[in-house]
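In: fold the following for me, if possible:
(one chain, ligands or ions: 1)
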Amino acid sequence: MSDPIPFNRPAISGNELGYIEEAIALGQLSADGAFTRRCEALLQERGGIPRVLMTASGTAALEMAALLCDVGPGDEVIMPSFTFVSTASAFVRNGATPVFVDVRDDTLNLDERLVAEAVTPNTRAIVAVHYAGVACEMDALAEAASNAHIRLIEDAAHGIDATYRGRELGSLGDLGIYSFHETKNVICGEGGALCINDPALVERAEILRDKGTNRQKFLRGEVDKYSWVDLGSSFGAGEIPCAFLFAQLEAAANLTRDRRARAHGYRERLAPLEAAGLLRLPFAPPAARDNAHAFFVRARSGDERDALMAWLRAAKISSVSHYVPLHSSVMGEKVGRPFGELPVTDAAAACLLRLPMFPGLTEAQVDRVSDEIARFYARVSDR
Ligand SMILES: *Cc1c(COP(=O)(O)O)cnc(C)c1O
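Out: Modelled structure (predicted):
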């Protein structure tokens, strides 16, 4: 019997331990040391981003974004329901109401035509989630945000090393966030970053990350002691995860290349099943160069998806569904509001199955997963 194939396995790119030793030798392990600054400089340069702040997680970066948007009770924030919890919880924490808008059937990203309709006088921000590293229609979303004089935030948790019209995801909204959780493309266990593309937000962002103190001003010699000036939190990342992450960021192109090669393999092997109308494969429009963050199939029904998942499990292959839509979650029903029916979201949540995808996945493993899927459909269509 063949070995199990995991859904994800954290990839090591080479220099992680060396940089961790260096961080220890440097003698500062708390936030905002040498590796924090090296990660920030690298992200700023690659994305043309005015200021990046390293955070303890993508969730922490989203919470900072929500604070910087100054949302509160009575304010609405437009976002997909087809996303991870943190996209919404960051804003709900401040009392805002998430307004869940349906996604496009091709990319599973916010449907920009519905977004324009969902804007009300209470709307304060739009959160664009680049699902699986495929860019949202940012031009249309930016236009909707600018027409309504509201903020555009990118949840680019999946989006490092992917572009929209040649520009890095995370660099396009007023604010953007990355996640370096071990399930993402570039990792450090738990970690994240806030991309600040509106320079007017930089000073307050630095204060919020430093527990609401003006410590950065103190470090720059602009005040003679630092004190409590705003309501922040301990959002920063320690130096050990940043040292690990710096190695990964330097190797990002290789990590993405490996994922793209595996995605290409899946696509080649599964294309005949898509052509036969048995399943659907991921789609990225020409403006969106994705990073192969996730590879998934969409079955024709929820029952068929569940049966395929069980079939793969029996062959010791892990696959996972995505997401329980936020508008039908316990908390989402309590604090959010769906913008009409969300048929595409409901169908995607029922029918989507993510396949194993990580840089160390082998071509042979991609073949084995694809063969099992083909065997499953051969049985289904024999009936
Ligand atoms: C992973 C993820 C987050 C949260 O990132 P963490 O680093 O795990 O806090 C937010 N949004 C989306 C879409 C994600 O996939």
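In: how many neighbours does Glu40 have?
Out: A total of 18 residues lie near Glu40 under the criterion other C-beta atoms under 10 Å. In this view, the C-beta of every residue, glycine as well, is placed from N, C-alpha and C.
In: that one: what secondary structure?
Out: Of the three states, Glu40 takes helix under DSSP: H, G, I helix; E, B strand; the rest coil.
In: got it, and the one 3 residues further on?
Out: Secondary structure for Leu43, judged by three-state DSSP, is helix.
In: can you verify my assumption that it contacts Leu249?
Out: Yes - taking C-beta atoms under 8 Å as the definition, Leu43 is a contact partner of Leu249 at 7.1 Å.
In: what's in contact with stretch 281-291?
Out: Residues outside stretch 281-291 that contact it (C-beta atoms under 8 Å, 6 or more residues apart in numbering): 106-107, 132-135, 137, 158-166, 185, 256, 259-260, 263, 266-267, 270-271, 274, 294-298.
In: interface residues of the stretch 151-300 of the chain facing the ligand?
Out: Contact residues, the stretch 151-300 of the chain versus the ligand (C-beta under 6 Å from any ligand atom): Asp155, Ala157, His158, Ser179, His181, Gly192.
In: let's check: the centremost residue of this structure is which one?
Out: Centroid-nearest residue in the chain: Ala157, 2.0 Å away (criterion: C-alpha atoms, centre = their mean).
In: separation between the residue nearest to that residue when sequence neighbours are not counted and Leu312?
Out: Take Ala157 and drop its neighbours on the chain: the residue closest to it by C-beta to C-beta, 6 or more residues apart in numbering is Ser179, 3.8 Å away. Here Ser179 is placed at a distance of 26 Å from Leu312 (C-beta to C-beta, to the nearest Å).
In: so where does the residue nearest to the centre of the chain fall, helix or strand?
Out: Using DSSP states H and E, Ala157 sits within no helix or strand.
In: so it touches Lys184, yeah?
Out: Yes - counting by C-beta under 8 Å, Lys184 is a contact partner of Ala157 at 6.6 Å.
In: so what sits against both of the two?
Out: Counting by C-beta under 8 Å, 6+ apart, the contacts common to Ala157 and Lys184 are Gly58, Tyr178.
In: in a helix, that's where Ala237 is, yeah?
Out: No - going by three-state DSSP, the assignment for Ala237 is coil, not a helix.
In: let me know the secondary structure of the spatially closest residue to Ala11 that is not a sequence neighbour.
Out: In space, Ala11 comes closest to Pro359 once its chain neighbours are excluded; the distance is 4.0 Å by C-beta to C-beta, 6+ apart. Following three-state DSSP, Pro359 is assigned to coil.
In: check contacts around Pro359.
Out: Going by C-beta under 8 Å, 6+ apart, Pro359 touches Ala11, Asn254, Leu255, Asp258, Arg259.
In: out of those, who's nearest the ligand?
Out: The closest of the contacts of Pro359 to the ligand turns out to be Arg259 (C-beta to the nearest ligand atom; 15.4 Å).
In: checking the closest one next. Helix, strand or coil?
Out: Assigned with three-state DSSP, Arg259 falls in the helix class.
In: what about it, distance to Gly189?
Out: Applying C-beta to C-beta, the value for Arg259 to Gly189 is 19 Å.
In: neighbour count winner among the two?
Out: Between Arg259 and Gly189, Arg259 has the larger neighbour count (other C-beta under 10 Å), namely 24 against 13.
In: I'd like the average pLDDT over stretch 209-219.
Out: Averaging pLDDT along stretch 209-219 gives 94.
In: what's that stretch in contact with?
Out: Under C-beta under 8 Å, 6+ apart, the answer for stretch 209-219 is 31-32, 53, 55, 64, 194, 206-207, 223-236.
In: equivalent analysis for stretch 182-191, please.
Out: The contact list for stretch 182-191 (C-beta under 8 Å, 6+ apart) reads 8, 10-11, 54-58, 133, 157-158, 160-161, 178-181, 237, 241-242, 244-245, 248-249, 252, 255-256, 259, 291, 293.
In: in strands, which of the residues you listed appear?
Out: The strands, defined by DSSP state E, take in Met54, Thr55, Tyr178, Ser179 from those.
In: CA-only coordinates of the top strand by length along the chain in PDB, if you can.
Out: Looking across the chain with DSSP E, the single longest strand is strand 123-129. C-alpha atoms of strand 123-129 as PDB (Å, rounded to 0.1, in the frame of the first residue of the first chain):
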ATOM      1  CA  THR A 123     -20.500  51.400   4.200                       C
ATOM      2  CA  ARG A 124     -16.900  52.200   5.400                       C
ATOM      3  CA  ALA A 125     -14.700  49.700   3.600                       C
ATOM      4  CA  ILE A 126     -14.500  46.900   1.100                       C
ATOM      5  CA  VAL A 127     -12.400  43.900   1.900                       C
ATOM      6  CA  ALA A 128     -11.100  42.100  -1.200                       C
ATOM      7  CA  VAL A 129     -10.000  38.500  -0.600                       C
END
